[in-house]
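> Have a look; sequence and predicted model below, questions after that.
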Amino acid sequence: MLESPHRHPARFITFEGGEGVGKSTQVRRLLVNLDRHSISAVRTREPGGTPKAEAIRSFILQGRSEAWGAGAEAVLFAAARLDHVNQLIAPNLAKGTWVISDRFCDSTRAYQGLTGGVDDTLIDALEVLALDGHTPDLTIVLDMDPEIAFQRVAQRAVEDGLALTGDRFEKEELDWHKRLRQNFIDIARNNRDRCYVISANQSEDAIEQAIWELVTDRFPELSDGPAA
Ligand SMILES: Nc1ncnc2c1ncn2[C@@H]1O[C@H](COP(=O)(O)OP(=O)(O)O)[C@@H](O)[C@H]1O
Ligand SMILES: Cc1cn([C@H]2C[C@H](O)[C@@H](COP(=O)(O)OP(=O)(O)O)O2)c(=O)[nH]c1=O
């Protein structure tokens, strides 16, 4: 494997959590901070990230797979992930570029597994298949009350003059989102070496700072300061 200019392997970081907790916002901010430290990084998302995976994303989020059930959907998310790993994640890491993904495998475990009732055995097997050894080096779980997250999303839609339509999963009831929140906490507890929970109920700047402290603590090569 090639190494980054800092002579450390490129890192793979994922963001997880419920709807509207600020994942995309913080992924963008992390990219800016990495750039300031001369780390080359790509931003990606799931489901999606490659043309084939984006095709699966549209199919699922438009609700066309809903009748197939959570098990088949878990397989579809994994099929998208397999392409994403093979075509984007692995090649970038191999050439020394960090990869920052807005959602990854923990979303399948939280949504289709713990919430959708798909058996752990299938979720585990799909994870082995799709990741092909590319377990994230760090997973940041953004955590907050879903009611507040929805208010943020609604507020922004009003400000932008947009209708609040919502995809398949955004249309679920509040209780469903509360269970989902707990699922992400449980996943983090079961993967303490990889997952860190950060409160998303803070200003964007405060969350960014908490994430940067975590990332620099985890990857000491970043503490060298910005490259000249
Ligand atoms: N810390 C924050 N405080 C207030 N609003 C926020 C914060 N972070 C993000 N937002 C706003 O909340 C909405 C959802 O954020 P977004 O990053 O798209 O979340 P996600 O990717 O988790 O769905 C956006 O309108 C965004 O501007
Ligand atoms: C990656 C992944 C996403 N999802 C769901 C979570 C979201 O509801 C949706 C992705 O839509 P997206 O618009 O990216 O949601 P958000 O902005 O909240 O991150 O797909 C799964 O159910 N399983 C998965 O494996």
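Everything's here; your move. Ligands and ions are numbered 1, 2, ... in the order given.

> Only C-alpha atoms from now on, for both contacts and neighbour counts.
Will do.

> And ligand 2, is the helix or strand of the chain with the lowest mean pLDDT touching that?
Scoring the helices and strands of the chain by mean pLDDT, DSSP states H and E places helix 146-160 at the bottom, with a mean of 87. No: Helix 146-160 lies apart from ligand 2 when judged by Cα under 6 Å from any ligand atom; the minimum separation is 9.7 Å.

> and that helix, C-alpha only, in CSV?
Below are the C-alpha coordinates for helix 146-160, written out as CSV (Å, rounded to 0.1, in the frame of the first residue of the first chain):
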residue,chain,number,x,y,z
PRO,A,146,-34.6,13.4,16.5
GLU,A,147,-37.3,16.0,17.2
ILE,A,148,-34.7,18.7,17.3
ALA,A,149,-33.0,17.3,14.2
PHE,A,150,-36.4,17.5,12.3
GLN,A,151,-36.9,21.1,13.4
ARG,A,152,-33.5,22.0,12.0
VAL,A,153,-34.3,20.3,8.6
ALA,A,154,-37.8,21.9,8.5
GLN,A,155,-36.4,25.3,9.4
ARG,A,156,-33.8,25.1,6.7
ALA,A,157,-36.5,24.0,4.1
VAL,A,158,-38.6,27.1,5.1
GLU,A,159,-35.6,29.4,4.8
ASP,A,160,-34.7,27.9,1.4
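
> Could you list every helix and strand in contact with it?
When contacts are defined as 3 or more Cα pairs under 8 Å, 6 or more residues apart in numbering; DSSP states H and E, helix 146-160 packs onto helix 174-190.

> For the helix it packs on, give the mean pLDDT please.
When pLDDT is averaged over helix 174-190, the result is 96.

> got the angle for the following helix or strand past it vs helix 174-190?
Next helix or strand after helix 174-190 toward the C-terminus (DSSP states H and E): strand 195-199. Compare the direction of strand 195-199 with that of helix 174-190 by axes from the mean of the first three to the mean of the last three Cα atoms, to 10 degrees and you get 130 degrees.

> sorry, back to before: what comes into contact with the least confident helix or strand of the chain?
18-21, 163-164, 174, 177-178, 181 (Cα atoms under 8 Å, 6 or more residues apart in numbering).

> same thing but 6 Å
Helix 146-160 has contacts (Cα atoms under 6 Å, 6 or more residues apart in numbering) with 20-21.

> again with stretch 200-219
Counting by Cα under 6 Å, 6+ apart, 142-144, 222-223 sit against stretch 200-219.

> could these go into JSON lines alongside secondary structure and distance to ligand 2?
Listed next are the contacts of stretch 200-219 as JSON lines, based on DSSP: H, G, I helix; E, B strand; the rest coil; distance: Cα to the nearest ligand atom, whole Å:
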{"residue": "L142", "secondary structure": "strand", "distance to ligand 2": "11"}
{"residue": "D143", "secondary structure": "strand", "distance to ligand 2": "12"}
{"residue": "M144", "secondary structure": "coil", "distance to ligand 2": "13"}
{"residue": "L222", "secondary structure": "helix", "distance to ligand 2": "27"}
{"residue": "S223", "secondary structure": "helix", "distance to ligand 2": "30"}
